[in-house]
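>>> From the sequence below, what's the structure:
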Amino acid sequence: MSQLVVSSLTDVVALSQSSQPPQAIANLLKSFSKRDVGETILASFSATGEDPLSVLDPHLHTLGFLYILSSRLNVPSPQVTAEQVNAFCSTFTPETARLAPERVTLLAKGIIYVTELNRHPELAIPPLSDLISRYPTSPSHLTTLHPIFLRACVRAQLYEQALPLLKNPITDVDRSISDLAYTDNLVYHYLGGVILGSLKLYKESEEFFEIAASSPGQVASAVQLEAYKKLSLIQLLLYGKTKNLPKYANQALTRLLKYSPYQTFIKNYPSTTAALYSILDKDAETFHVDGNVGLMKRVIQHSPRWMIRKLTDTYLTLSLEDISVKIANDVKTATSPQAIEEINALILSMIDNQEIHATISPSTTGQLGATTVTFQDSPPPLYFNPSVLEKILIKAQQESLLLEQANKALGKSKEYLTKAIKDKEHVHYDETEQFAVESMGRGGRGVEWDD
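Numbering: from 1, shown residues only. Here you go, the predicted model:
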């Protein structure tokens, strides 16, 4: 070891336990792993059958433990215990591990691989949670671990486990500690939008999908197109209509959506539930492949509420029977006692939720259908309150500072800002994007947005 030659597993262990500077150890292990048999040796046991991980301490010998563990996790028949994985993720030295960012990424992917191989994807959550909470230099730093962890939460359908990570806005990128690709940002925010939407946190979901869809780039990415589809549906649910993408977004996305089945659905929203289900059924295969059927059903169920809100723009008063007729699937049954009771319950629910401002006056005849609903103007927004306005201004100043810092960081990252490609109308898939899209529904393998 005096000449720092690494040619065997014994040398790897000795180097890991030596007093060499961490950077020197990282360089030697990286060089060794790139040899033809490097990964094979790292994934093996000693000649005596001894497990090198049993003699290395993940805290004291982080790099050696990391190289061996990440290599073993990615072979066809991994020989790794859950205790070894959990011990490393909870006790490794972050500053040392950051000297080998590509191995940290390989480790995380290996954890996913093994847990899915054993058909227990939920077992990936605890170690990955430890890894992602300890490895980044701050909660605001984006790493390759972010999309990998969200994918694990999606596959295991443990969406709540992702909330502590998603609550931290991403403002920093440092490729020296994480081998980030352009698509990592897209995939993270896309999967974040899916998770938040599945938890019915629609405003937060909208924000994540918009970031994914509008992130700078010369080409319309496949993940961005999928994010834009879901963003449009979320906006229908939130506002009863879609909003334009920011001007800096790739305008090819708008054209691609315009000539898709989604445009018909958007154009006819809000409408009767029967009409919307007819549109859904007509292109059901497309919507199913995209993993959007469950979300579209949620949007359809919300349509009567938006139809009623549109009525408030035109009418001052209407009877429950009039409202029922205007939003009914079948006018013939719109005046039935059951239909009137459903409308009455819906109106009361919307008033309680402050979706509309109205008063209900019972009819002198005693008939529920003749009950009058009087619509009122919305009260002034809360931000007219001086104390609330002051809080908003302080928050805006804080976010402005974060934005300025983020702009400076992004200005140094040419790869993030631009991707050289000839055809700007082309929808590009790469391996990272493909796993994100497949995670959420391509080929019927994903998770639907059913309640």
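>>> can you give me the strands for the stretch 251-400 of the chain?
Applying DSSP state E, counting those that start in this stretch to the stretch 251-400 of the chain gives strands spanning 317-319, 358-361, 372-375.
>>> got the ones you listed as a markdown table, with distance to Arg298 and mean pLDDT columns?
(Each C-beta comes from the backbone N, C-alpha and C, glycine too.) Below are the strands of the stretch 251-400 of the chain laid out as a markdown table (distance: least, CB to CB, whole Å; pLDDT from 0 to 100):
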| stretch | distance to Arg298 | mean pLDDT |
| --- | --- | --- |
| strand 317-319 | 26 | 95 |
| strand 358-361 | 24 | 93 |
| strand 372-375 | 25 | 94 |
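>>> now these as a markdown table including distance to Gln17 and mean neighbour count?
Formatted as a markdown table, the strands of the stretch 251-400 of the chain follow (distance: least, CB to CB, whole Å; neighbours: other CB atoms under 10 Å):
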| stretch | distance to Gln17 | mean neighbour count |
| --- | --- | --- |
| strand 317-319 | 80 | 18 |
| strand 358-361 | 75 | 14 |
| strand 372-375 | 76 | 18 |
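>>> For the residue lying closest to Glu206 once chain neighbours are set aside, list the residues it contacts.
Once flanking residues are discounted, Glu206 sits nearest to Ile234: 4.9 Å by CB to CB, 6 or more residues apart in numbering. Applying CB atoms under 8 Å, 6 or more residues apart in numbering, we find Ile234 in contact with 193, 197, 202, 205-206, 209, 295.
>>> and those residues, which of them are in helices?
Using DSSP state H, 193, 197, 202, 205-206, 209, 295 are the members of those that sit in helices.
>>> hmm, which two among the contacts of Ile234 are most spread apart?
Pairwise distances across the contacts of Ile234 peak at 12.3 Å for Glu206 and Leu295 (criterion: CB to CB).
>>> Pick out whichever of the two has more residues nearby.
Using other CB atoms under 10 Å as the criterion, Glu206 and Leu295 rank with Leu295 on top: 24 against 21.
>>> does the more buried one really touch Lys230, like I thought?
Yes - under the criterion of CB atoms under 8 Å, Leu295 makes contact with Lys230 at 6.6 Å.
>>> and for the two, which residues touch both?
Gly197.
>>> what about Ser324, how many neighbours?
Per other CB under 10 Å, the neighbour tally for Ser324 reads 24.
>>> Now do the same for it: its pLDDT.
pLDDT recorded at Ser324 is 95.
>>> And the one 4 residues further on, by the same measure?
The predicted structure scores Ala328 at 90 on the pLDDT scale.
>>> Over to Gln397?
According to the prediction, Gln397 has pLDDT 80.
>>> can you count the residues close to it?
10.
>>> next one: Gln398
Neighbour tally, Gln398, other CB under 10 Å: 10.
>>> and the residue nearest to Lys326 when sequence neighbours are not counted, how many residues sit next to it?
Distances taken as CB to CB, 6+ apart place Leu311 nearest to Lys326, at 6.5 Å, with adjacent residues excluded. Per other CB under 10 Å, the neighbour tally for Leu311 reads 17.
>>> same thing with Lys30?
Residues near Lys30, counting by other CB under 10 Å, number 16.
>>> wait, is it part of a helix?
Yes - counting by DSSP: H, G, I helix; E, B strand; the rest coil, Lys30 is found in a helix.
>>> Leaving aside the residues adjacent along the chain, what's closest to it?
Ala100 (6.8 Å).
>>> so that neighbour makes contact with Ala26?
Yes - applying CB under 8 Å, one finds Ala100 in contact with Ala26, separated by 5.3 Å.
>>> The two: who's more crowded?
Remark: of Ala100 and Ala26, Ala100 carries more neighbours, 24 against 21, as counted by other CB under 10 Å.
>>> which one is the residue nearest the centre of the chain nearest to, not counting chain neighbours?
Residue closest to the average C-alpha location in the chain (CA atoms, centre = their mean): Gly192, at 1.7 Å. Closest residue in space to Gly192, ignoring its immediate chain neighbours: Phe208 at 4.2 Å, by CB to CB, 6+ apart.
>>> same check, this time on His59
That would be Thr91: by CB to CB, 6+ apart, it lies 4.6 Å from His59.
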